[in-house]
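Student: Give me coordinates for this.
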Amino acid sequence: MSSYSILIGLSLAVILSYLFNLASRATRVPSVLLLLLTGIGLRQWAGYQGVDFRVPKTLLEIFGIIGLIMIVLEGALDLRLSRDKVPLIRRSFFAAALMLLAQAAAIGGLLHLWLGASWQTSLLNAVPLVVISSAIAIPSVAGLTGDKQEFIVYESTFSDILGIMLFNFVDQEDFYQGQGLLTFGRGVILILLVAIVSTVVLSFLLGRLREHVKFFLLFAFLVLMYSLAKQLHLSSLLLVLAFGLAVNNADLLLGWLRLRTGWRGFTAEDLAPDLHQLKNITAESAFLIRTFFFLLFGYSITLANLMSWQLLEQGVLIVAVLTALRYLYLRFVAKTDLMPELFIAPKGLITVLLFYSIPTHHILGDVSENILFVVILLTSVLMMIGLIVSHQRQTAAIEF
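Tutor: Predicted coordinates:
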């Protein structure tokens, strides 16, 4: 293929993704689902044309990692902290934590009984299937308003962070030993300290840099610190969330710092001119990375491998268990409205990244990328149903 052919293909992919976003707002069909199906279609077209291009796993991981960082940052930059938001944040945190533990135990138990694998191996393969993907949830709830939207943004972000923490905890060599919890606790404390320091440094750079090109320098520092923390098996996504919240709530945090310590450095007014640009560039970058990640992931799926009733039954069983547990929590523990929260728990980018992070000796052949795709597909369809029903209820309430 010529260079111009590749450029034409990349340009068409971005244009198509933009059109999918417009279609998603009108139809409530997740744009991510359309991108995945387009990727599968491209794989079939390439086969008919005799093009044998295989997506390198490393390339998919790189797009996924950068996409996850940008999407969580985009969500954090839209969240405002206030005293009246504390109950909402607390509720979303406990929802993410309890759902993660209960669903991981349930799916891990199924894998343990079904395949006879060890509990550690079963849990490592279960965690990717239960984490809510903020990469899909956050863009999909843009049409919601008020607490419902913020709850889903917080819950999906917390689910990503806690899911990575749980995955790292289960992945420890001393998982079965008493030292495992102590090692994990040290890691949590360390990542909190790193998050505070890195947030101060990044906020200082944002407030003090006067060069025309500086936002991608910030992104480079953020990706660098994220990657270094990840190499130390820390829950580095917390860095991204802390930075986004700090920048978007600089007036509150710097005011508190000035009151407590007499801080006389940069102020919220110093950050204000750049905050709007940062939000725009973050949103544009997240859109671009998300487009190519889901197209490539769809392209990596072989359609023939999906034509299996057993595979579909396994996917339906997993999603049914996840949805049932979520219903029980929302109905009897949280005692909150079920629509659309019950159905907005999609799996996606974080699912693929964690799956690729499973050590070789813990990989279960029966839990493959095909099952991941079926689970992602089914949870996206459920989310679509939830958004459509919620929109119809809002419309009916307005007309009434």
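
Student: where does the protein have its least confident helix or strand?
Tutor: Using mean pLDDT, DSSP states H and E, helix 250-261 stands out as the lowest-scoring helix or strand of the chain, at a mean of 56.

Student: For the next helix or strand after that one, name the packing helices and strands.
Tutor: Sequence order places helix 268-299 as the next helix or strand after helix 250-261, per DSSP states H and E. Where contact means 3 or more C-beta pairs under 8 Å, 6 or more residues apart in numbering; DSSP states H and E, helix 268-299 is packed against helix 3-27, helix 31-48, helix 57-76, helix 179-208, helix 215-231, helix 237-248, helix 250-261, helix 349-356. Backbone N, C-alpha and C define where each C-beta goes, glycine included.

Student: where does residue 301 fall, phi/psi-wise?
Tutor: phi -90, psi 130 (degrees, to the nearest 10).

Student: next one: residue 30
Tutor: Torsion angles, degrees, to the nearest 10, at residue 30: phi -60, psi 130.

Student: contacting residues around it?
Tutor: The contact partners of residue 30, by C-beta atoms under 8 Å, 6 or more residues apart in numbering, come to 24, 136, 140, 346, 380, 383, 384.

Student: what sits up against stretch 85-98?
Tutor: 132, 147, 150-151, 154-156, 158-159, 162, 329-330, 333-334, 336.

Student: Tell me where the stretch 1-150 of the chain is predicted with low confidence.
Tutor: Counting by pLDDT under 70, the stretch 1-150 of the chain shows low-confidence ranges at 1, 143, 145-146.

Student: try 80
Tutor: Where the stretch 1-150 of the chain drops to pLDDT under 80, the residues are 1-2, 24-30, 47, 49-53, 55, 68, 71-72, 75-85, 134-135, 138-148.

Student: re the thing from before, make a markdown table out of the contacts of residue 30 and add secondary structure and distance to residue 238.
Tutor: A markdown table is the format used below for these (DSSP: H, G, I helix; E, B strand; the rest coil; distance: C-beta to C-beta, whole Å):
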| residue | secondary structure | distance to residue 238 |
| --- | --- | --- |
| 24 | helix | 29 |
| 136 | helix | 20 |
| 140 | helix | 23 |
| 346 | coil | 21 |
| 380 | helix | 26 |
| 383 | helix | 25 |
| 384 | helix | 30 |
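
Student: Of those residues, grab the buried ones for PyMOL.
Tutor: Only the buried entries of the contacts of residue 30 go into this PyMOL selection, using 16 or more other C-beta atoms under 10 Å:
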select buried, resi 24+136+140+346+380+383+384
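
Student: Pick out the most distant pair among the contacts of residue 30.
Tutor: 24 and 346 (12.9 Å; C-beta to C-beta).

Student: Please convert the helices and strands packed on helix 268-299 to CSV, extending it with distance to residue 112.
Tutor: CSV is the format used below for the helices and strands packed on helix 268-299 (distance: least, C-beta to C-beta, whole Å):
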stretch, distance to residue 112
helix 3-27, 38
helix 31-48, 29
helix 57-76, 27
helix 179-208, 19
helix 215-231, 28
helix 237-248, 28
helix 250-261, 45
helix 349-356, 18
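
Student: I am finished for the moment; much appreciated.
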